[in-house]
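Enquirer: The sequence and its predicted three-dimensional model are supplied below.
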Amino acid sequence: MAKQSGDTWFIGAMNNDVARTISLDTSFLPAGKYELEYWEDTKDAGKNPTKLRKGRITIQAGKPVKIQMANGGGYVAVVKSL
């Protein structure tokens, strides 16, 4: 799910009981570069569900972003233009 407020986008994803990698389609963003600040599951989140990893990356609109989610996990991000 993606929601916009002004120039900022908020992204959220929830997973079921099967760990998976998904590809986030960023074609909804206007052309340009963006900073994506995210909170995601750690590699051992299936056994330690309270563990999260926070990070920031620069992305290009229209290029997919790979997201790994633990079983029962999720992902949230805030996207702002550079």
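Expert: Arrived safely, thanks for sending.

Enquirer: Tell me how far the residue in the chain sticking out farthest from the centre lies from Lys80.
Expert: Distance from the C-alpha centroid of the chain, by CA atoms, centre = their mean, peaks at Lys47 (20.8 Å). Using CB to CB, to the nearest Å, one obtains 33 Å as the distance from Lys47 to Lys80. Backbone N, C-alpha and C define where each C-beta goes, glycine included.

Enquirer: again, but for Arg56
Expert: As for Arg56, its distance to Lys80 is 10 Å (criterion: CB to CB).

Enquirer: and if you look at Tyr38?
Expert: Distance of Tyr38 to Lys80, computed by CB to CB: 12 Å.

Enquirer: mind checking how far Pro30 is from Ala2?
Expert: The span separating Pro30 from Ala2 equals 13 Å under the rule CB to CB.

Enquirer: likewise Lys51?
Expert: Distance from Lys51 to Ala2, counting by CB to CB: 25 Å.

Enquirer: Ramachandran coordinates for Gly6?
Expert: Here is the backbone geometry of Gly6 (degrees, to the nearest 10): phi 60, psi -130.

Enquirer: Counting neighbours, what do you get for it?
Expert: For Gly6, the count of nearby residues is 6 (other CB atoms under 10 Å).

Enquirer: can you pull the contacts of it?
Expert: For Gly6, the contact set (CB atoms under 8 Å, 6 or more residues apart in numbering) is empty.

Enquirer: Was I right to think Asp44 contacts Lys51?
Expert: Yes. Asp44 sits in contact with Lys51 when judged by CB atoms under 8 Å, with a separation of 6.5 Å.

Enquirer: quick one, which of these two is more surrounded?
Expert: More neighbours sit around Lys51 than around the other of Asp44 and Lys51, counting by other CB under 10 Å; the figures are 14 against 10.
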